[in-house]
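# here are the coordinates; sequence isn't available:
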């Protein structure tokens, strides 16, 4: 059997003359009088292990010393978080007052204690900017399409208010079908079967 002076033997069993097995994950390796393959395995698969002898280990700082330290906060990260909050509000159709919610601010204070949650005024400005960017991109996409189709849809909300939505459908250069709502407007008339039948007769 091989001499087991190396510290890696704490994590391996020699199962045959030319074979070893990892005690942590039961992976078997070929052994040829060298512990290099075992060392490489530990470094790749078990990175948190310390292979230094006990006498040579330096005292490691506690993890609490890292979590309690104030994070170096850079403007790029702050901007990225603000952009993601704006995207969340627009994508999930949340009210602008969401950023003023006590629960949301408590969450952000726990996750990002150094981040200052923007005011509603700031979010309104960001949403308007995102809208302008979206309109600009949509105009460009439509202008590059050979043909577009326009559809209208009349519907009634739970509050019995009637609306008409205009939607544009087009195909991109890479043959992907896309649809975009161009406008939704309120209507004075109720969209019921009786109303629609009267309109058709007229």
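Good, I have the coordinates. In this text, all values refer to a predicted model and were calculated from it rather than measured experimentally.

# ok, how many other residues are close to residue 11?
Counted with other Cβ atoms under 10 Å, residues neighbouring residue 11 total 19. Backbone N, C-alpha and C define where each C-beta goes, glycine included.

# you'd agree it is up against residue 46?
Yes. Because the distance of 7.3 Å satisfies Cβ atoms under 8 Å, residue 11 is recorded as touching residue 46.

# So for these two, which residues contact both of them?
Shared contacts of residue 11 and residue 46 (Cβ atoms under 8 Å, 6 or more residues apart in numbering): residue 24.

# So for residue 13, what's the nearest residue that isn't a sequence neighbour?
Counting by Cβ to Cβ, 6 or more residues apart in numbering, the nearest residue to residue 13 once its immediate chain neighbours are dropped is residue 21, at 5.1 Å.

# so when I look at that neighbour, I'm seeing a strand, right?
Yes. Residue 21 sits within a strand when classified using DSSP: H, G, I helix; E, B strand; the rest coil.

# Show me the shaky parts of the protein.
Within the chain, the ranges that satisfy pLDDT under 70 run 1-3, 48-73, 189-202.

# helix or strand for the residue nearest in space to the middle of it, which one?
With distances taken as Cα atoms, centre = their mean, the residue of the chain nearest its centroid is residue 84 (8.8 Å). In this assignment (DSSP states H and E), residue 84 forms part of helix 75-91.

# What helices and strands are in contact with that helix?
The elements that helix 75-91 packs onto, with contact taken as 3 or more Cβ pairs under 8 Å, 6 or more residues apart in numbering; DSSP states H and E, are helix 120-143.

# where do the helices sit along this protein?
In the chain, the helices defined using DSSP state H lie at 36-45, 63-67, 75-91, 102-111, 120-143, 193-201.

# Can you say which of those helices is nearest to residue 156?
Among the helices of the chain, helix 193-201 comes nearest to residue 156, with 10.3 Å by Cβ to Cβ.

# quick revisit: based on its surroundings, how many neighbours for the residue nearest to residue 13?
Residue 21: 17 surrounding residues under other Cβ under 10 Å.

# go on, residue 40?
Residue 40 is flanked by 12 other residues according to other Cβ under 10 Å.

# Return the distance of it relative to residue 30.
12 Å (Cβ to Cβ, to the nearest Å).

# and if you look at residue 133?
Taking Cβ to Cβ as the measure, residue 133 and residue 30 are separated by 58 Å.

# How is the protein partitioned into domains?
Here the domain assignment for the chain is 7-56, 74-143, 146-202, based on automatic domain parsing.

# Distance from the last one to the middle of the chain?
The reference is to domain 146-202. Domain 146-202 has its C-alpha centroid displaced from the chain centroid by 32 Å (Cα atoms, centre = their mean, to the nearest Å).
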